[in-house]
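Chemist: The following comprises the amino acid sequence and a computationally predicted model.
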Amino acid sequence: MIKNIPPPPRMRTIKEALNEIRHADPGTSITEHMLRRLILDNAIPSVKLGGKHLIDLDKLYDYLSGQDCGEGAAAPSPRIRKIEER
């Protein structure tokens, strides 16, 4: 018999994750666009499956509460870049 198996991560699509957040906080300002931006900036880890991104819901909540997201997450890339002079 196998013991001490950790529970599987609660993976959700972007829309499913947003629905869970809205269920917990109906007045939330978090949008689908914001979640997509967090994924593209590697602020939260995700897994791409076909054309969909799956988010670990617990890691998303960690990020939103100011905690470290853990492995795979990096600080968002800067938006401003230097333009070379000619």
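Modeler: Cool, got the structure.

Chemist: Isn't residue 18 up against residue 29?
Modeler: No. In this structure, residue 18 is not within contact of residue 29 by CB atoms under 8 Å, at 11.5 Å. C-beta coordinates here come from the backbone N, C-alpha and C atoms, glycine included.

Chemist: Of these two, which one has the most company?
Modeler: residue 18 (19 against 6; other CB atoms under 10 Å).

Chemist: OK, contacts around residue 12?
Modeler: Going by CB atoms under 8 Å, 6 or more residues apart in numbering, residue 12 touches 20, 54-55, 57.

Chemist: Most neighbours among the residues you listed, please name it.
Modeler: Most crowded among the contacts of residue 12, counting by other CB under 10 Å, is residue 55 at 24 neighbours.

Chemist: Off-centre distance for the strand or helix carrying that residue?
Modeler: Using DSSP states H and E, residue 55 maps to strand 52-56. Centroid separation between strand 52-56 and its chain, computed with CA atoms, centre = their mean, to the nearest Å, is 8 Å.

Chemist: which outside residues touch that strand?
Modeler: 9-14, 17, 35-36, 39, 44-48.

Chemist: These in strands, which ones?
Modeler: 11-13, 46-48 (DSSP state E).

Chemist: Pipe the residues you listed into CSV and attach pLDDT and distance to residue 4 per row.
Modeler: Formatted as CSV, the ones in strands among the contacts of strand 52-56 follow (pLDDT from 0 to 100; distance: CB to CB, whole Å):
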residue, pLDDT, distance to residue 4
11, 94, 21
12, 95, 25
13, 96, 29
46, 93, 27
47, 94, 24
48, 93, 30
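
Chemist: Let's have these in CSV, adding distance to residue 82.
Modeler: Formatted as CSV, the ones in strands among the contacts of strand 52-56 follow (distance: CB to CB, whole Å):
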residue, distance to residue 82
11, 38
12, 38
13, 36
46, 29
47, 33
48, 30
